[in-house]
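In: build me a structure from this.
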Amino acid sequence: MQSSDFNSYNSNIEVVKNKSGAAAFIPAKDKADLFGNNHIFKTCAYCRVSTDHDEQLSSFELQQEHYKQLVSNHPNWDLKHIFADEGISATSLKNRDEFNNMISRCMNGEFDLIVTKSVSRFARNLVDCVSLVRKLKGLNHPVGVFFETDNLFTLSEDSELKLSILATFAQEESVKKSESMNWSLKERFKNKKLLTPELFGYRRPRDAVGNYIKYGKLEIEESEAEIVRFIFNAFLSGFSVESICNILEDIGCKTKLGNTKWNEGSVSYILRNERYCGNVLTWKQFTADIFEHKKRKNRQDRDQYLYTDVHEAIISAEQFEAVQVLFENKKYGYKGGVPIMQVVDMGVFRGYIPINHHWISENPEIYYKASNSVPVYKKKQNVKKNYFSRFDLSGYQVVRGQFLTARSELPVISFGKDKITFNCTCTRKFDFADYVQLLLHPTERKIAIRPCSKNDMYSIPWHRNAEQPMIAKTIICSHFCNTLYQIMDWFPDYMYKVFGTLIEKGSEQIVIFNLSSAMPNITVTEELESANKIVRRKVDICPEEWGNSFGEEFYNFSMNNMLYYMPKDTNLKANEKSRPVEGQLPFEVMDGTEVLQFAENLKQKAGKENE
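Out: You can find the predicted model right below:
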């Protein structure tokens, strides 16, 4: 010890004797007495109310006055500041700005005593409460917390156990309150006690005094409802959410808050809100963690009720459902308006349906209905055998393409669980086409491809760069593949390969694939002992019905492929456009011109209101 250190302790040194001899005894300094006069505490107070109701805020003011009076009764408490959070829960430290400011200033040495009402006012989260108290206690300049109603001072030696017990009770109180609130909400929703907040396009009814009617039905605000109708119609006709925002800003429409700036989130919220069709779905979100206050989308984690016709609708339920279907389709890359089934009603593709490979529907019936919406006019055909050959080929068979050594030169389409692949022959035969259409005839069980323009319905990009070599073309379409497997009753674990027929008549060129002649294909795994590795390879499976023949009887094959034998100058009318199948939608879908006219009308109305 240095001489200066010795001198500083000299006044407190006492010489004592024990068995080991004489020693200098230096006593510990007196501990700070919370209610004594040996230490002046730099004091701050903290108060909090759980909600932002007027009654609670009145309590909040009273708490501040109380602490001013309490501190004045203790001469050794020097009140520096009162921190207060209004309307903030204590189950989490997040968003408690004043509380976090207080802790930060304590860490910096500005205060050494915090006075608050109770442990539950300080923190209802056990971990937060105990860890904070320990952190403050462990500082070089320890900071104590005095909980008034619990009569607990955290710098006292026996405070740890009592604090843990009280904090546990405070946390459990929050849990019980949360359970009680959840039960109350559940019963309220069950009994159709719906608290529907105001939203764009609606107003909550008020009583004669001007107060909101608690369970009153929403009432339409027509000036905003027109904008809601525009948003739904524009989206159904193919306008993106971003373009709708731009249009609303250009024509000067105002948001719920009176802003002229629209964002995609607010428009998407309108499009996904069932209340615009008069329905109310309860408990769409819930608090998953009462301590972190994290909200989560309700995916059948809580009981829900869907009440219909609760209030007057702005748009029809059918329009709302169509919008939700369109949103789901857009997840898979679909672009455009509400998916509408189309059918070709003239030419060689009469009854064929252009395939929207992004469509998520997996219902085969809609394909049959669409195809059958075109009347079938079949005449009995009497075709002489010499039409196909000068020789009598009765009893002869046309060998299946799968058995030919030159099968690699034939157009082939392959189907898997989630994709369709066209081989290189297909891409080479249509090397002039930038886009193609994929068509299905479910009754005849045939698929075809034909060249088309980019603007044709459900066109598929085919060969974008003429300088690149022709390669196989793959289309990802899990939902359509699942539908096709149902139509054909195919085994879901197999892939299927179909050889096609290229037909060229004049300037028209198409490929037709007969799905009934599909060959199954499976992937097998083999272990090569010599190479010490596992090899996977695809193996074709010969269908059982092919066991007694090499192909199809010549004249049956010829009749099924009449197009191939037609004169070269035959007009197939293979480029006939498709038309929408009638009766699909119970509402009219606007075209682009009509949507823009709708926007112009809104602009004129907005201009008059601003005059």
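In: from now on I want contacts and neighbour counts done on CA atoms only, so please keep to that.
Out: Noted.
In: can you give me the helices for the stretch 501-611 of the chain?
Out: Here the stretch 501-611 of the chain has its helices, by DSSP state H, counting those that start in this stretch, at 554-560, 562-565, 592-610.
In: mind listing what's buried along the longest helix along the chain?
Out: When the chain is parsed with DSSP state H, its longest helix is helix 159-190. By neighbour count on 16 or more other C-alpha atoms under 10 Å, the buried set for helix 159-190 is 160, 163-164, 166-171, 174-175, 185-186, 189.
In: next, format those as a markdown table and append distance to residue 101.
Out: Listed next are these as a markdown table, based on distance: C-alpha to C-alpha, whole Å:
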| residue | distance to residue 101 |
| --- | --- |
| 160 | 24 |
| 163 | 23 |
| 164 | 24 |
| 166 | 24 |
| 167 | 22 |
| 168 | 25 |
| 169 | 26 |
| 170 | 23 |
| 171 | 23 |
| 174 | 24 |
| 175 | 27 |
| 185 | 35 |
| 186 | 38 |
| 189 | 40 |
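In: and the furthest pair within those?
Out: Using C-alpha to C-alpha, the buried residues of helix 159-190 span at most 43.4 Å, a distance reached by 160 and 189.
In: check the offset of the longest helix of the chain from the chain's centre.
Out: 32 Å (C-alpha atoms, centre = their mean, to the nearest Å).
In: what packs against the following helix or strand past it?
Out: Later in the chain than helix 159-190, the nearest helix or strand by DSSP states H and E is strand 202-203. Using 3 or more C-alpha pairs under 8 Å, 6 or more residues apart in numbering; DSSP states H and E, the elements in contact with strand 202-203 are strand 219-220.
In: next secondary structure element downstream of the strand it packs on?
Out: helix 222-236.
In: other SSEs contacting that following helix?
Out: Counting contacts by 3+ C-alpha pairs under 8 Å, 6+ apart, helix 222-236 packs against helix 241-250, helix 264-272, helix 317-330, helix 592-610.
In: which one of the helices of the stretch 501-611 of the chain has the poorest average confidence?
Out: The minimum mean pLDDT among the helices of the stretch 501-611 of the chain belongs to helix 562-565 (a mean of 59).
In: shaky segments in the stretch 1-150 of the chain?
Out: Counting by pLDDT under 70, the stretch 1-150 of the chain shows low-confidence ranges at 1-23, 25, 28-32, 49-58, 87-95, 124.
In: in TSV, list the buried residues of helix 159-190 along with pLDDT and distance to residue 276.
Out: Compiled in TSV, the buried residues of helix 159-190 are given as follows (pLDDT from 0 to 100; distance: C-alpha to C-alpha, whole Å):
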residue	pLDDT	distance to residue 276
160	82	55
163	83	51
164	83	50
166	81	48
167	76	46
168	80	45
169	77	44
170	72	42
171	75	40
174	72	36
175	74	35
185	78	23
186	81	23
189	79	19
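In: residue 244 contacts residue 233, correct?
Out: No: judged on C-alpha atoms under 8 Å, residue 244 makes no contact with residue 233 at a distance of 10.2 Å.
In: more crowded one of these two?
Out: residue 233 (24 against 21; other C-alpha atoms under 10 Å).
In: next one: that one, what pLDDT does it get?
Out: 95.
In: so what's the residue nearest to it when sequence neighbours are not counted up against?
Out: Excluding the flanking residues, the one nearest residue 233 by C-alpha to C-alpha, 6 or more residues apart in numbering is residue 590, at 6.6 Å. Residue 590 sits next to 233-234, 236-237 when contact means C-alpha atoms under 8 Å, 6 or more residues apart in numbering.
In: buried ones in stretch 136-144?
Out: 136-137, 142-144.
In: redo these as CSV? Include distance to residue 259 and secondary structure.
Out: CSV is the format used below for the buried residues of stretch 136-144 (distance: C-alpha to C-alpha, whole Å; DSSP: H, G, I helix; E, B strand; the rest coil):
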residue, distance to residue 259, secondary structure
136, 46, helix
137, 50, helix
142, 51, coil
143, 48, coil
144, 49, strand
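In: between these, which sits nearest residue 526?
Out: Nearest to residue 526 among the buried residues of stretch 136-144: residue 136, at 66.6 Å, using C-alpha to C-alpha.
In: wait, that closest one sits on residue 155?
Out: No: contact criterion C-alpha under 8 Å: residue 136 and residue 155 do not qualify, at 9.5 Å.
In: and for the two, which residues touch both?
Out: 142-144.
In: below-threshold pLDDT in the stretch 401-550 of the chain: ranges please.
Out: The stretch 401-550 of the chain contains residues with pLDDT under 70 at 401-408, 464-467, 528-531, 544-550.
In: if you set the cut-off to 90 instead, what comes out?
Out: Residue ranges of the stretch 401-550 of the chain with pLDDT under 90: 401-410, 417, 428-429, 431-432, 454-458, 463-472, 478, 493, 499-508, 516-550.
In: residue 110: neighbour count?
Out: So residue 110, with other C-alpha under 10 Å, has 17 neighbours.
In: can you count the residues close to the closest residue in space to it that isn't next to it in sequence?
Out: Closest residue to residue 110 apart from its sequence neighbours, by C-alpha to C-alpha, 6+ apart: residue 42 at 7.3 Å. Neighbours of residue 42 under the rule other C-alpha under 10 Å: 19.
In: can you pull up the bridge partners for residue 42?
Out: With beta bridges defined as DSSP bridges, residue 42 has these partners: residue 78.
In: doesn't residue 106 make contact with it?
Out: No: look at residue 42 against residue 106 with C-alpha under 8 Å: they stay out of range, at 9.9 Å.
In: mutual contacts of those two, please.
Out: Joint contacts of residue 42 and residue 106 (C-alpha under 8 Å, 6+ apart) are residue 112.
In: isn't residue 395 up against residue 556?
Out: No: Residue 395 is not in contact with residue 556 according to C-alpha under 8 Å; the separation is 10.6 Å.
In: who has more neighbours out of those two?
Out: Taking neighbours as other C-alpha under 10 Å, residue 395 and residue 556 compare with residue 556 leading, 12 against 9.
In: how far away is the more buried one from residue 394?
Out: 10 Å (C-alpha to C-alpha, to the nearest Å).
In: repeat that for residue 353.
Out: According to C-alpha to C-alpha, residue 353 and residue 394 sit 35 Å apart.
In: tell me which of those two has more neighbours.
Out: A count of neighbours by other C-alpha under 10 Å puts residue 353 above the other of residue 353 and residue 394, at 27 against 10.
In: sounds good, over and out.
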